[in-house]
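Enquirer: What would the 3D arrangement of this be:
(one chain, ligands or ions: 1)
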Amino acid sequence: MSGELILIIEDEANIIQLDRLYLEREGFAVESAADGQAGLQAVDRLRPALVVLDVMLPVMDGLAVCQSLRAAQNPVPIILATARDEEVDRILGLELGADDYVTKPYNPRELVARGQAVLRRARPSGEDSQALGAALQCGDLSLNPERREVYVGNELVPLRTQEFAVLQVLMAHPGIVFDRERLLKLAWGFDFYGQTRTVDMHIAQLRKKLTGSRVKIETVPGVGYKLVS
Ligand code: CA
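Expert: Presented below is the predicted three-dimensional model:
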């Protein structure tokens, strides 16, 4: 899907420049905003396909921007850029509705891969129909790939795009143990060495959202995760 617009909300010009270089090379259009408030206005004005959102921003920080977009029911996919050791920001960011994150300093190629993964998952059904897969049922948990909906019993559970992707992999193979590298590969479409913490964070979010279900995501120590009902 070339030409899709990516909005980078970031106050460091050199990072914008580098991201822009790599994203444009992959056929994306790129716009930027240098503070949180300008970023929010740019989202309204430009309606980007994806937002890359720095956490540490002037005027209004990235977490507040994320919260504000979701409070306004804006579903635009968001990749959060967090500082190396700010795990709290990463957890909070996913809780506030970010779809994924990159840890600064990140390789721009990783941003491109994550952006492509999130966009691929966020695309409405039909455009990527062969990748959608079948409707899945596991215990009281059901997943409809065409409607991008997950239910516990009759209750709709709102999931972000990458949470949905992880659950879809696990539900397609209940009881099978997936290691983190394999989940990265299957749910994100790539396998960046050392990025498996991403999987743990999304599993933690999924567990919170699925507490009402009898189906559980079990940790297999030293190996990975599996779905049990
Ligand atoms: Ca910053």
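Enquirer: right, and the helix or strand after the lowest-mean-pLDDT helix or strand in the chain?
Expert: Lowest on mean pLDDT, DSSP states H and E among the helices and strands of the chain sits helix 87-95, with a mean of 85. Under the assignment DSSP states H and E, the closest C-terminal helix or strand after helix 87-95 is strand 100-103.
Enquirer: Next, the buried residues of the least confident helix or strand of the chain.
Expert: Asp89, Arg90, Leu92, Gly93, Leu94 (16 or more other C-beta atoms under 10 Å). Backbone N, C-alpha and C define where each C-beta goes, glycine included.
Enquirer: how about a markdown table for those, with distance to Val166 added?
Expert: Listed next are these as a markdown table, based on distance: C-beta to C-beta, whole Å:
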| residue | distance to Val166 |
| --- | --- |
| Asp89 | 20 |
| Arg90 | 16 |
| Leu92 | 19 |
| Gly93 | 16 |
| Leu94 | 12 |
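Enquirer: Tell me the one of the residues you listed nearest the ion?
Expert: Nearest to the ion, judged by C-beta to the ion, of the buried residues of helix 87-95 is Asp89 at 11.6 Å.
Enquirer: I am assuming that closest one contacts Leu63, so please confirm or correct that.
Expert: Yes. Counting by C-beta atoms under 8 Å, Leu63 is a contact partner of Asp89 at 6.7 Å.
Enquirer: Now list whatever residues contact both of these two.
Expert: Common neighbours of Asp89 and Leu63, counting by C-beta atoms under 8 Å, 6 or more residues apart in numbering, are Val55.
Enquirer: I'd guessed Lys209 sits against Glu163; true?
Expert: Yes. Counting by C-beta under 8 Å, Glu163 is a contact partner of Lys209 at 7.1 Å.
Enquirer: right, and the helix or strand after the helix ranked longest in the chain?
Expert: When the chain is parsed with DSSP state H, its longest helix is helix 108-122. Remark: after helix 108-122, the chain's next helix or strand is strand 136-138, criterion DSSP H and E.
Enquirer: State the number of residues packed around the residue in the chain that the ion sits nearest to.
Expert: In the chain, the residue that lies nearest the ion is Met56 (3.9 Å; C-beta to the ion). Using other C-beta atoms under 10 Å, Met56 is surrounded by 17 other residues.
Enquirer: could you say which helix or strand contains it?
Expert: Here Met56 is assigned to no helix or strand, by DSSP H and E.
Enquirer: Contact residues of this structure facing the ion?
Expert: Asp11, Asp54, Met56 (C-beta under 5 Å from the ion).
Enquirer: Helix, strand, or coil at the first one?
Expert: Right, the one you point to is Asp11. coil (DSSP: H, G, I helix; E, B strand; the rest coil).
Enquirer: from memory it sits against Val59, does it?
Expert: No. Assessed by C-beta under 8 Å, Asp11 is found out of contact with Val59, at 9.3 Å.
Enquirer: got any residues that touch both of those two?
Expert: Asp35.
Enquirer: Between these two, which has more neighbouring residues?
Expert: Asp11 (18 against 14).
Enquirer: ok, that one - contacts?
Expert: Ala34, Asp35, Asp54, Met56, Leu57, Pro58.
Enquirer: Which of the three states applies to the last one?
Expert: Classification of Pro58 using three-state DSSP returns coil.
Enquirer: State the distance from the closest residue to Val55 other than its chain neighbours to Ala165.
Expert: In space, and not counting its chain neighbours, Val55 is closest to Gly62: 4.0 Å by C-beta to C-beta, 6 or more residues apart in numbering. Gly62 sits 23 Å away from Ala165, taking C-beta to C-beta, to the nearest Å as the criterion.
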